[in-house]
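1. Next input, structure requested:
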Amino acid sequence: MNKSGRFKVLAIATLSAIVLAASIAVAQTVNTNQDNGQGARPEWRGRRGHKGHGMRGMRAGGFFKQLNLTEDQKAKIKTIRENFAQTNKPLREQLRAKRQELRQANEGGTFNEALATQKLTEMAGLQAKLMGGRSRLHQEMLSVLTAEQKAQLEQSKAQFKTRRGERRNRGNQ
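-> The predicted structure is shown next:
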């Protein structure tokens, strides 16, 4: 294989690994602490260093916290999250192992294209399962909400998207 071909394959493999690693990191932010999300988990910081901004949203319950949930709803959502974390722990561990195997395929200055392709293919299947699980998690959490809370959630999400678009437009000027 010529140099440009190797470079393309290595670039694709590296980018795929980064994307998968980032999505796994996001998936692992499911909080199972007893203290309502406070304490042991480090705060995310936005680009400007503001606490509580950045990658919070649905994953950390950011939108849900604005809905004045009843204690019963909070307990149900907590149970749903804990079940999700427990059910998907083996998937996350398998993905972690595949990422390590992929890194090993690139060690020593040699690149094993066949092994890298195999590992990336295996990782893609596991990642798809995890994404499906996150979709089910979201639907289960929505099922706990009242119609009014769902409407309020949609409104909050729309406002968030608008603000995010405005920030992006300001940054591109």
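2. Can you tell me how far residue 120 is from residue 97?
-> For residue 120, the distance to residue 97 equals 14 Å [CB to CB, to the nearest Å]. C-betas here are computed from N, CA, C, even on glycine.
3. same thing with residue 74?
-> For residue 74, the distance to residue 97 - CB to CB - is 34 Å.
4. for stretch 144-155, what is the average pLDDT?
-> Averaging pLDDT along stretch 144-155 yields 90.
5. tell me what the host helix or strand of residue 160 is packed against?
-> Assigned by DSSP states H and E, residue 160 belongs to helix 147-171. Contacting helix 147-171 under the criterion 3 or more CB pairs under 8 Å, 6 or more residues apart in numbering; DSSP states H and E is no other helix or strand.
6. Please spell out which residues along that helix are buried.
-> Across helix 147-171, burial judged by 16 or more other CB atoms under 10 Å covers 149, 152, 153, 156.
7. So in this protein, where's the weakest helix or strand by average pLDDT?
-> helix 3-27 (a mean of 65; mean pLDDT, DSSP states H and E).
8. any idea of the angle the longest helix anywhere in the chain forms with helix 147-171?
-> Longest helix of the chain, by residue count under DSSP state H: helix 71-105. Orientation of helix 71-105 against helix 147-171 (axes from the mean of the first three to the mean of the last three CA atoms, to 10 degrees) gives an angle of 40 degrees.
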